[in-house]
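> sequence and computational prediction follow.
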Amino acid sequence: MFTLSIVTPEKIYFEGEVSSIIVPGSQGYLGVLTDHAPLITAVNPGKLTVKDKSGKEFILAVSFGFFEISSNHATLLVDSAEHLPDINPDRARQSLERAKQRLAEHRPEIDSGRAQRSLERARNRLRILREMKG
């Protein structure tokens, strides 16, 4: 077992003992078990799979951030994290369309970086929902 902390700008989303996680790292997905070697990596939007100490698996949609593990304590710092049941497909589709529209407008007052991150979050939510129905 090792301790996992999932932290977003709003709150500590999760903190507890887990037996494994699969993280969407910048170079692809990576699996982490107890006694993993120290590591720091960027995180891309993707599916985070966590197996808790009872063996129950849960899945989160996570966005950009960083992951660090050392001495059996893992920390995931991400812009957002959502349990699958909390994702509203209609809202995700609306967010995707709004971000596409903002990026297509090329107006100087639009924060294109923010719009691009919003686009990636919405695509990630919808992709994970499709995979899980699949």
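Sure thing, it's come through.
> how is the chain carved up into domains?
2-83, 87-133 (automatic domain parsing).
> got TSV for these, with mean neighbour count too?
The C-beta positions use only the backbone N, C-alpha and C, and glycine is treated the same way. Output for the domains of the chain, formatted as TSV (neighbours: other CB atoms under 10 Å):
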stretch	mean neighbour count
domain 2-83	16
domain 87-133	14
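> can I get those in JSON lines with mean pLDDT?
Below are the domains of the chain laid out as JSON lines (pLDDT from 0 to 100):
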{"stretch": "domain 2-83", "mean pLDDT": "95"}
{"stretch": "domain 87-133", "mean pLDDT": "88"}
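> just the residues contacting the strand ranked longest in the chain, thanks.
Longest among the strand segments of the chain by residue count, using DSSP state E, is strand 12-25. Strand 12-25 is touched from outside by 1-7, 29-34, 41-53, 55, 60, 62, 67, 74, 76, 81, with contacts defined as CB atoms under 8 Å, 6 or more residues apart in numbering.
> just the CA trace of it, in PDB.
Extracted C-alpha coordinates of strand 12-25, given in PDB (Å, rounded to 0.1, in the frame of the first residue of the first chain):
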ATOM      1  CA  ILE A  12      -7.800  18.000  -1.800                       C
ATOM      2  CA  TYR A  13      -9.900  15.700  -4.000                       C
ATOM      3  CA  PHE A  14      -8.700  12.400  -2.500                       C
ATOM      4  CA  GLU A  15      -6.300  11.300   0.100                       C
ATOM      5  CA  GLY A  16      -5.900   7.700   1.200                       C
ATOM      6  CA  GLU A  17      -4.200   4.300   1.000                       C
ATOM      7  CA  VAL A  18      -4.200   2.700  -2.400                       C
ATOM      8  CA  SER A  19      -2.700  -0.500  -3.800                       C
ATOM      9  CA  SER A  20      -2.100   0.800  -7.400                       C
ATOM     10  CA  ILE A  21      -2.700   3.600  -9.800                       C
ATOM     11  CA  ILE A  22      -2.400   4.100 -13.500                       C
ATOM     12  CA  VAL A  23      -1.500   7.700 -14.400                       C
ATOM     13  CA  PRO A  24      -1.800   9.500 -17.800                       C
ATOM     14  CA  GLY A  25       1.800  10.700 -17.900                       C
END
